[in-house]
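Trainee: need coordinates for the following:
(chains A and B)
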Amino acid sequence: MSPTLPKDLTALEYLTADQLRLLLDTAEPFKEVSERQIKKVPALRGKTIVNLFFEASTRTRISFEFAEKRLSADTVNVASSGSSVSKGETLVDTARNLEAMHIDMVVIRHHASGSAEFLGNRIRSNVINAGDGKHEHPTQGLLDMLTLRDKFGKLEGLKVCICGDLLHSRVGRSNIWGLTKLGAEVAVCGPRSLLPREVESMGVTVIPHIEDAIQWADALNILRLQLERMEAGYIPSLREYNRVFGLSMARLERAPRDLVIMHPGPMNRGVEIDSEVADGPHSVILPQVTNGVAVRMAVLYLLAGESPDWSRGGEGGEAGEGGRNA
Amino acid sequence: MASEIVERARGTDDLVVVGIQRRGVELAARLKKIIDDAESSNVAFGKLDITLYRDDLQAVGPRPMVGQTSLPDLQGKTVVIVDDVLYTGRTVRAALDECADFGRPRRIFLCVLVDRGGRELPIQADIIGTRVSTTPSDRVDVQVAELDGEDSVSVVRGTA
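Mentor: Numbers count the residues shown, from 1 in each chain, chains lettered A, B, ... in the order given. You can find the predicted model right below:
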């Protein structure tokens, strides 16, 4: 019996190892759908999904939209500018009004940490967190894990170092929760001013120097330096950041093994990662993007079967192994 | 059954043997091997998971696991869909829909090991290993050595 999921996907922190494995395993067959000439399956026909984006996003929003459309769902995009949000409507009012139009799912990106969970507790629709403040970005965490699993075959015992601005990074947080739950060893590397004070309590070790991280790790996940938040004086200058923490080919060549390099995008080329590395043979940055669609299809597909007021068992159970006589 | 496939398809050119996950895939692989051995051919092979095309996905409850689909381009091909048990016909309906997303085959045949009756859709098999008459409370279990350790077909009579 496979595990069930909660109604909402708000954080990898709340999921068990079995639930994470279910999500990753379900993403596998969805990769194939995007390689077809007709990239569409009818699994979410008749479902209505609202993409509620209160923060700028290209990759995540488009990735969700492709995932939704390839599952045959009907989608509506709401951006904060040009909607009633800019007139001061609250998050819950916006969502309740949408729900009054009979929607099934909300994908939300919001600048406030915890907003996805807040919303999920107040509406009946499934809520999927597409990034909430500095909290989590669960589908990015899942796609990073899927990419690593593709590359190494398993996550157990894998050494992954997450580098850069952990303080502001929801991507980093989701990676830490997800990877440690599935048995990977996780370290973080970055200026102390950009590491959360409680970071060790999340089960990770701190590696102060990028050179040491390169010696230790099987894979590096290079986070974006959030330039829009750097005015507060976390780092002396971008140039210095690059000199001390930037991933250059010269540094990478000293690695004792072939490292896998990830980056969630958008990249600041020449700051946290040099172009030679980003476009080089170690980079899996574009496979990450491809996996993003498959992971989001899996999330949408699985959550569509999870609703608090639906009774468990029943028809779904008949589809089990061996019981299917067609 | 293998020779019947070749006969109906008038040879192995343009023939694609497609198994429905899961037991149908093993049966299709065996049929392909028998055909290839007999005809010195290498017929195209595919597997199909119909989960995303099921007509009861809108019904409530946790989602069934999705299996792997891998199909070649079916445009202009003669396709033989292979499954273990034919019952309501709903799986085959879903399989036909899914095949249509991989091109327009010239012909599609249906080949099943067991036809247990009880159709709910106007679908019939072209090639049938055996027929058994059953009631809805019965269960027909097909086991294949690759997955289950032995080859067997058993009819488990329901008590209802």
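Trainee: tell me the domain boundaries of chain A?
Mentor: As given by automatic domain parsing, the domain ranges for chain A are A:12-136+A:289-306, A:138-287.
Trainee: show me the contacts for A:Gly114.
Mentor: Residues counted as contacts of A:Gly114 (C-beta atoms under 8 Å, 6 or more residues apart in numbering or on different chains) are A:132-133, A:135. Every residue, glycine included, has its C-beta placed from N, CA and C.
Trainee: I meant to write B:Val25 there.
Mentor: B:19, B:47.
Trainee: quick check on it: phi, psi?
Mentor: In terms of degrees, to the nearest 10, the main-chain angles of B:Val25 are phi -70, psi -40.
Trainee: what does A:Asp212 give?
Mentor: The phi/psi pair for A:Asp212 (degrees, to the nearest 10) reads phi -70, psi -40.
Trainee: what about the closest residue to it other than its chain neighbours, distance to chain B?
Mentor: Once flanking residues are discounted, A:Asp212 sits nearest to A:Cys189: 7.7 Å by C-beta to C-beta, 6 or more residues apart in numbering or on different chains. Using C-beta to the nearest C-beta, to the nearest Å, we find A:Cys189 at a distance of 37 Å from chain B.
Trainee: show me what A:Cys189 is bridged to.
Mentor: Beta-bridge partners of A:Cys189, counted by DSSP bridges, are A:Cys163.
Trainee: in terms of pLDDT, where does it sit?
Mentor: A:Cys189 carries a pLDDT value of 97.
Trainee: try the one 3 residues further on
Mentor: pLDDT, the model's per-residue confidence, is 92 for A:Arg192.
Trainee: run through the residues that contact the closest residue to A:His282 other than its chain neighbours.
Mentor: Using C-beta to C-beta, 6+ apart and skipping residues adjacent in sequence, the residue nearest A:His282 is A:Ile261, 4.6 Å away. Contacts for A:Ile261 (C-beta under 8 Å, 6+ apart) come out as A:219-220, A:222, A:247, A:252, A:273, A:277-278, A:280, A:282-285.
Trainee: mind checking the SS state of A:Ile261?
Mentor: strand (DSSP: H, G, I helix; E, B strand; the rest coil).
Trainee: contacting residues around the residue nearest to A:Asp212?
Mentor: Counting by C-beta under 8 Å, 6+ apart, A:Cys189 has contacts A:161-164, A:206-210, A:212-213, A:245.
Trainee: of those, buried ones?
Mentor: Buried members of those, counted by 16 or more other C-beta atoms under 10 Å in any protein chain shown: A:161-164, A:207, A:210, A:213, A:245.
Trainee: reformat these as TSV; add pLDDT.
Mentor: Supplementary listing: these in TSV, determined by pLDDT from 0 to 100:
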residue	pLDDT
A:Cys161	98
A:Ile162	98
A:Cys163	97
A:Gly164	95
A:Ile207	97
A:Ile210	96
A:Ala213	97
A:Phe245	95
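Trainee: and B:Gly117, how far is that from B:Ala2?
Mentor: Separation of B:Gly117 from B:Ala2 (C-beta to C-beta, to the nearest Å): 24 Å.
Trainee: so the two - more neighbours on which side?
Mentor: More neighbours surround B:Ala2 than the other of B:Gly117 and B:Ala2, with 20 against 13 (other C-beta atoms under 10 Å in any protein chain shown).
Trainee: many thanks, have a good one.
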